[in-house]
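Trainee: Got a sequence here, can you model it:
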Amino acid sequence: MSASMVSVIARRELASYFESPLAYVFLVIFLLLAGFFTFTFGGFFERGEASLASFFGWMPWLFLFVVPAVGMRLWSEERRLGTIELLLTMPVTTAQAILGKFLASWVFLAIALGLTFPVVITVNILGDPDNGVIVAGYAASLLLAGTYLALSCMTSALTRNQVISFILSLMLCLALILVGFGPATDLLARWASPELVEAVAGFSVLTHFDGMQKGVIDSRDLLYFLSVIGFALFATGVVIRAHRAG
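Mentor: Numbering: from 1, shown residues only. Model prediction:
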């Protein structure tokens, strides 16, 4: 795979985000929501500790709506406008096109996440936090965003309707949350064995995100996120190749 071609596609896609005022509106809304949940519902000040646990704790739920909103247009827009045929007739492989568009959107989400740096400054002013844990939390959040985005990329390839793509990706991401969500696992534990409950919870993004955002970097968590991303992008390629063949 030509890295230069992937880079060209990624740069073009990333530039297209900032050609529209919607990108700036999205960034402002994301930052406002992140601050609102952290300081209002997260109990930032009530915790009485110098940490960003209240900030990272809301990321799986905030990204649940934010990331599908970014990913829903990746392929749905190309299919709706009929430009997907033009893109696929250019001297690029399907894998290069998928990876380039995915990386551009992931970088955009990384920029949105990076713009939350005032929260880091605030917690360092108010106390003496473990900045290593904070870095791990940001890494976990970026991997979580990439996982949601890859699933959104897959659903976007399935339909030319962006709303349907958004709903499908939201439901998939929600399912990955709920299989490890406390109330859901408690309900499952009433009739299933602890081993089965643990196995099901192992498919949840919460199971793997929680450990990382607390500063515990486990290779199994990294493997989980990268595996889901890889599978979703592979499935996207299968869908697009089927569309090309059709």
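Trainee: Flag every buried residue along the helix or strand encompassing Leu103.
Mentor: Using DSSP states H and E, Leu103 sits in helix 94-114. Residues of helix 94-114 classed as buried by neighbour count (16 or more other CB atoms under 10 Å): 94-106, 108-110, 112-113. For the C-beta atoms, the positions are set from N, CA and C on the backbone; glycine is no exception.
Trainee: List the contacts of whichever helix or strand Phe36 is part of.
Mentor: Assigned by DSSP H and E, Phe36 belongs to helix 21-36. If you take CB atoms under 8 Å, 6 or more residues apart in numbering as the criterion, helix 21-36 is touched by 17-18, 55, 58, 62, 66, 69-70, 108, 111-112, 115-116, 119.
Trainee: Now it: buried residues?
Mentor: Buried, per 16+ other CB under 10 Å, within helix 21-36: Ala23, Phe26, Leu27, Phe30, Leu31, Ala34, Gly35.
Trainee: Which one of the residues you listed is nearest to Ile177?
Mentor: Ala34 (17.6 Å; CB to CB).
Trainee: list the contacts for the closest residue in space to Phe65 that isn't next to it in sequence?
Mentor: Once flanking residues are discounted, Phe65 sits nearest to Leu170: 6.9 Å by CB to CB, 6 or more residues apart in numbering. By CB under 8 Å, 6+ apart, the contact list for Leu170 reads Leu64, Phe65, Pro68.
Trainee: Report the buried members of those residues.
Mentor: Leu64, Pro68.
Trainee: What is the nearest of the contacts of Leu170 to Thr40?
Mentor: Phe65 (16.9 Å).
Trainee: Which pLDDT value goes with Gly246?
Mentor: Here the pLDDT value assigned to Gly246 is 55.
Trainee: ok, Phe225 - how many residues close by?
Mentor: Around Phe225 there are 22 other residues, counting by other CB atoms under 10 Å.
Trainee: Which of the contacts of helix 21-36 are buried, as a ChimeraX select command?
Mentor: Applying 16+ other CB under 10 Å to the contacts of helix 21-36, the buried members can be selected in ChimeraX as follows:
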select :17,55,58,62,66,69,70,108,112,116,119
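Trainee: now, which of the contacts of helix 21-36 lie within helices?
Mentor: By the criterion of DSSP state H, membership of the contacts of helix 21-36 in helices covers Tyr17, Phe18, Phe55, Leu62, Val66, Ala69, Val70, Phe108, Ile111, Ala112, Val119.
Trainee: Next one: Val239 relative to Leu151, how far apart?
Mentor: 13 Å (CB to CB, to the nearest Å).
Trainee: So between the two, which is more surrounded?
Mentor: Leu151 (28 against 19).
Trainee: Let me know the next secondary structure element after the strand or helix carrying that one.
Mentor: Assessed by DSSP H and E, Leu151 sits inside helix 131-158. For helix 131-158, the following helix or strand on the C-terminal side (DSSP H and E) is helix 162-178.
Trainee: Kindly calculate the angle that that next one makes with helix 131-158.
Mentor: 140 degrees (axes from the mean of the first three to the mean of the last three CA atoms, to 10 degrees).
Trainee: got the CA coordinates for helix 162-178 in PDB?
Mentor: This file holds the C-alpha atoms of helix 162-178, laid out as PDB (Å, rounded to 0.1, in the frame of the first residue of the first chain):
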ATOM      1  CA  GLN A 162     -26.500   9.900   6.300                       C
ATOM      2  CA  VAL A 163     -29.200   9.700   8.900                       C
ATOM      3  CA  ILE A 164     -29.500   6.000   8.600                       C
ATOM      4  CA  SER A 165     -25.800   5.700   8.800                       C
ATOM      5  CA  PHE A 166     -25.800   7.800  12.000                       C
ATOM      6  CA  ILE A 167     -28.500   5.600  13.600                       C
ATOM      7  CA  LEU A 168     -26.800   2.400  12.600                       C
ATOM      8  CA  SER A 169     -23.400   3.400  13.900                       C
ATOM      9  CA  LEU A 170     -25.000   4.800  17.100                       C
ATOM     10  CA  MET A 171     -26.700   1.500  17.800                       C
ATOM     11  CA  LEU A 172     -23.500  -0.500  17.200                       C
ATOM     12  CA  CYS A 173     -21.500   1.700  19.400                       C
ATOM     13  CA  LEU A 174     -24.200   1.600  22.100                       C
ATOM     14  CA  ALA A 175     -24.200  -2.200  22.000                       C
ATOM     15  CA  LEU A 176     -20.500  -2.200  22.600                       C
ATOM     16  CA  ILE A 177     -21.100   0.000  25.700                       C
ATOM     17  CA  LEU A 178     -24.000  -1.900  27.100                       C
END
